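Asker: generate a structure from the sequence data that follows.
(chains A and B)
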Amino acid sequence: MASEPMRCPRDGAVMNWHAEKVVYGTAPGDAASVLGGPVEEAWTCPVCGECASRPAPAGHARPEADSRKRR
Amino acid sequence: MADAPRALYIPVLLGTVRKGRMSLPVARLMTSELAKRPGIETELIDIARLPLRVDDAGEAIKDPTFAGQMQRADALVVVSPEYNHGYSGLLKHVLDSCLSEYIHKAVGVVGVSAGPFGGTRGIQDLLPVLRELGLVTIFWDVNFSTVQNVFDESGTLRDAAYAERIDKFLRELVWMARTLRHGREQIALG
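Answerer: A predicted model of the protein is given here:
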């Protein structure tokens, strides 16, 4: 579970966390990440459908959760 | 009284800037077919009209209007002509300008070609790109082969068989859009 739920920027409702996505980048340290880059969380508001994202907290994402890396 | 359900927003992305492009009547047709369906809002997004720079790429060149349309979208129809066995480079340039806006949203691809294969080779190249962007592809495609013969001078379809193919495609796309909207809004990542 993500650390703190996101609030919808439009109506303030608690948003639903539905995805984590690696964002491949060239910033220092990106290549050293076990997942290949920083992880972005995707959230959607159940009231209005607004989508939002934010960086996942450091160390939050579990390597075993990323099945692509095992293939 | 309960609020009316929010309409699904499903824009059509015309993925070529080439002069004389025969994908334009296809994109117009897909937009009009979507607009006929209840509970659907749509519009045609022409990549030729997007003010994206070509001296950089990726999210650094994000256009706020296009990003807002992708963020609002529940699904996307990509009309993709096949050029030299691939999709257009500028379509990739446009798609790459967003990322989080696409996550867990449905996408269907309409292939267009002057030859007999209806854009299938371009579609096959595009599918893994769409997946990496976070979009969820449906299994129906619509393939416009020898597109120069498909429409008359007024842009009307000559071949009625396309109507049934488009109906199958849109029914699956709308179902996937509804399902993914429910998932995005209600089902937490475990």
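Asker: do the host helix or strand of B:P128 and chain A meet?
Answerer: Taking DSSP states H and E as the definition, one finds B:P128 inside helix B:120-132. No: against chain A, helix B:120-132 shows no contacts by CB under 8 Å from any CB of the partner chain, the least distance being 9.4 Å. Where you see a C-beta, it was placed from the backbone N, CA and C, and this is true even at glycine.
Asker: buried sites along that helix?
Answerer: By neighbour count on 16 or more other CB atoms under 10 Å in any protein chain shown, the buried set for helix B:120-132 is B:T120, B:R121, B:G122, B:I123, B:Q124, B:L126, B:L130.
Asker: what of stretch B:177-186?
Answerer: So for stretch B:177-186, counting by 16+ other CB under 10 Å, buried means B:A177, B:R178, B:L180, B:R181, B:G183, B:R184, B:E185.
Asker: what's the answer for stretch A:33-45, then?
Answerer: Across stretch A:33-45, burial judged by 16+ other CB under 10 Å covers A:S33, A:L35, A:G36, A:G37, A:P38, A:V39, A:E40, A:E41, A:A42, A:W43, A:T44, A:C45.
Asker: phi, psi of the nearest residue to B:N143 once chain neighbours are set aside?
Answerer: Sequence neighbours aside, B:G118 is the residue nearest to B:N143 in space, at 2.6 Å (criterion: CB to CB, 6 or more residues apart in numbering or on different chains). The phi and psi values for B:G118, taken as degrees, to the nearest 10, are phi 60, psi 30.
Asker: which stretches of the chain have low pLDDT?
Answerer: By default, I'm working from chain A. A:1-2, A:31-32, A:59-71 (pLDDT under 70).
Asker: my bad, the chain I had in mind was chain B
Answerer: In chain B, residues with pLDDT under 70: B:1-3.
Asker: where's B:T31, which helix or strand?
Answerer: B:T31 belongs to helix B:23-35, assigned by DSSP H and E.
Asker: so which elements touch that helix?
Answerer: For helix B:23-35, the elements it packs on are strand B:12-14, strand B:44-46, strand B:75-81, strand B:105-112, helix B:161-186, judged by 3 or more CB pairs under 8 Å, 6 or more residues apart in numbering or on different chains; DSSP states H and E.
Asker: show me what the helix or strand following the third one is packed up against.
Answerer: Think strand B:75-81. Next helix or strand after strand B:75-81 toward the C-terminus (DSSP H and E): helix B:89-95. With contacts taken as 3+ CB pairs under 8 Å, 6+ apart, helix B:89-95 sits against helix B:120-132.
Asker: if we use 10 Å, what do you get?
Answerer: strand B:12-14, helix B:64-72, strand B:75-81, helix B:120-132 (3 or more CB pairs under 10 Å, 6 or more residues apart in numbering or on different chains; DSSP states H and E).
Asker: ok, B:E82 to B:F139 distance?
Answerer: 19 Å (CB to CB, to the nearest Å).
Asker: which one of these two is surrounded by more residues?
Answerer: B:E82 (26 against 8; other CB atoms under 10 Å in any protein chain shown).
Asker: enumerate the residues of chain A near chain B.
Answerer: Selection of chain A residues close to chain B by CB under 10 Å from any CB of the partner chain yields A:1-2, A:5, A:15-25, A:40-54, A:65, A:68.
Asker: wait, a helix at B:Q148?
Answerer: Yes: checked against DSSP: H, G, I helix; E, B strand; the rest coil, B:Q148 lies within a helix.
Asker: so it is in contact with B:M22, correct?
Answerer: Yes: assessed by CB atoms under 10 Å, B:Q148 is found in contact with B:M22 at 6.0 Å.
Asker: those two: which is more packed in?
Answerer: B:M22 (19 against 9).
Asker: and the residue nearest the centre of chain A?
Answerer: A:E41 (1.7 Å; CA atoms, centre = their mean).
Asker: any buried residues in stretch B:15-29, and which?
Answerer: Going by neighbour count (16+ other CB under 10 Å), the buried part of stretch B:15-29 is B:G15, B:T16, B:V17, B:R21, B:M22, B:S23, B:L24, B:P25, B:V26, B:A27, B:R28, B:L29.
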